[in-house]
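Chemist: Structure for the following, please:
(4 chains)
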Number of protein chains: 2
Amino acid sequence: MNADILRGFTEAIILNILKESDSYGYKISRKIIEKTDNLLNIKDATIYLAFKRMEQNDLIRHYWSDNEEGARRKYYKITDKGCVYLKDKCSEWERNKKILDNLLGDAYEGKI
Amino acid sequence: MNADILRGFTEAIILNILKESDSYGYKISRKIIEKTDNLLNIKDATIYLAFKRMEQNDLIRHYWSDNEEGARRKYYKITDKGCVYLKDKCSEWERNKKILDNLLGDAYEGKI
DNA sequence: ATATATACATAATAACATTATATATAATTT
DNA sequence: AAATTATATATAATGTTATTATGTATATAT
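Modeler: Numbering: from 1, shown residues only, chains lettered A, B, ... in the order given. Okay, the predicted model is just below:
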């Protein structure tokens, strides 16, 4: 449940969810838990902070939902810049996987 | 060259090198650069800070080299506890790889 | 003689995730 | 009806770790 390895990738995780469809904090939080079978639980505060950073960097933009009933929801939409960022981050992830696999490679005899 | 994804894994990288043979800061630094073909350059200060933390947690122990000529070297040796820690970190890495692959999986069409 | 490589160390800074806390509404349970 | 839980957003305080900057010292190469 330690999310430290994912440091720096919270934004990419969120962006990849937003690429499928616009969404909002609470739902994204639940989706990550569901998608990872409860192995990764990114905290609400982490997500809202990431939203803030990403909107400042124009990776996402928000709008408020117009539903009268139910609690208000702040929806986010990925921007073109966000798509590029996501693609770059995926490349970075592939590269980093190779690097760390290489550096830890021979420590594996007897995996999980 | 961004080492942020490796945050939390600097210690495992060092321990894996120490598992092969006792070594010291400068040499480990060079070895990581060499092993990753210059893709990962963990800074000296990062390594020495990691040494400090790991020695406090009894993952490694040091001794000074007795060579009269040449600059003095502080060698480090992995402990049993360090071996266990390394093994755990490798499991964690395998687990985290699956999680992030899962979460970024469909953003891949068109890898590096 | 000077520059570069080797070698260690610490303080200051930056970045990001978590915890704690606050607010508010809707739905469910007792 | 009251209390609890789920839904929903937000910020301040804290903790961890990596980097940059800086300092010291010796050995080697130019």
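Chemist: mind checking how far the residue nearest in space to the middle of chain A is from DNA strand D?
Modeler: The centroid of chain A falls nearest to A:Ile13 when counting by C-alpha atoms, centre = their mean (2.1 Å). According to C-beta to the nearest atom of the strand, to the nearest Å, A:Ile13 stands 16 Å off from DNA strand D. Backbone N, C-alpha and C define where each C-beta goes, glycine included.
Chemist: mind checking pLDDT for that residue?
Modeler: Per-residue pLDDT puts A:Ile13 at 97.
Chemist: That one is in what secondary structure piece?
Modeler: Using DSSP states H and E, A:Ile13 maps to helix A:10-20.
Chemist: what's the answer for A:Asn96, then?
Modeler: Using DSSP H and E, A:Asn96 falls within helix A:80-104.
Chemist: close to chain B, is that helix?
Modeler: Yes - contact between helix A:80-104 and chain B, assessed by C-beta under 8 Å from any C-beta of the partner chain, occurs at A:86-87, A:89-97, A:99-100, A:102-104.
Chemist: Quick check: of the residues you listed, which lies closest to DNA strand C?
Modeler: DNA strand C has its nearest neighbour among these in A:Lys89, at 11.0 Å by C-beta to the nearest atom of the strand.
Chemist: about what we covered before: just the pLDDT for the nearest residue to the residue nearest to the centre of chain A once chain neighbours are set aside.
Modeler: Using C-beta to C-beta, 6 or more residues apart in numbering or on different chains and skipping the chain neighbours, the partner closest in space to A:Ile13 is B:Leu103 (4.9 Å). On the pLDDT scale, B:Leu103 is placed at 95.
Chemist: ok now do B:Leu103, which residues does it touch?
Modeler: For B:Leu103, the contacting residues are A:13, A:16, A:32, A:35-36, A:40, by C-beta atoms under 8 Å, 6 or more residues apart in numbering or on different chains.
Chemist: Selection in PyMOL covering whichever of those are buried, please.
Modeler: In PyMOL, this line selects whichever of these come out buried by 16 or more other C-beta atoms under 10 Å in any protein chain shown:
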select buried, chain A and resi 13+16+32+35+36+40
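Chemist: As a markdown table, the contacts of B:Leu103 with distance to B:Ser23 would be great.
Modeler: Below are these laid out as a markdown table (distance: C-beta to C-beta, whole Å):
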| residue | distance to B:Ser23 |
| --- | --- |
| A:Ile13 | 36 |
| A:Asn16 | 39 |
| A:Ile32 | 39 |
| A:Lys35 | 40 |
| A:Thr36 | 36 |
| A:Leu40 | 34 |
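Chemist: Could you single out the nearest of the contacts of B:Leu103 to DNA strand C?
Modeler: Ranked by distance to DNA strand C (C-beta to the nearest atom of the strand), those are led by A:Leu40 at 8.0 Å.
Chemist: roughly how far apart are the spatially closest residue to the closest one that is not a sequence neighbour and B:Asp80?
Modeler: Residue nearest to A:Leu40 in three dimensions, not counting chain neighbours: B:Ile99, with 5.3 Å by C-beta to C-beta, 6+ apart. B:Ile99 sits 29 Å away from B:Asp80, going by C-beta to C-beta, to the nearest Å.
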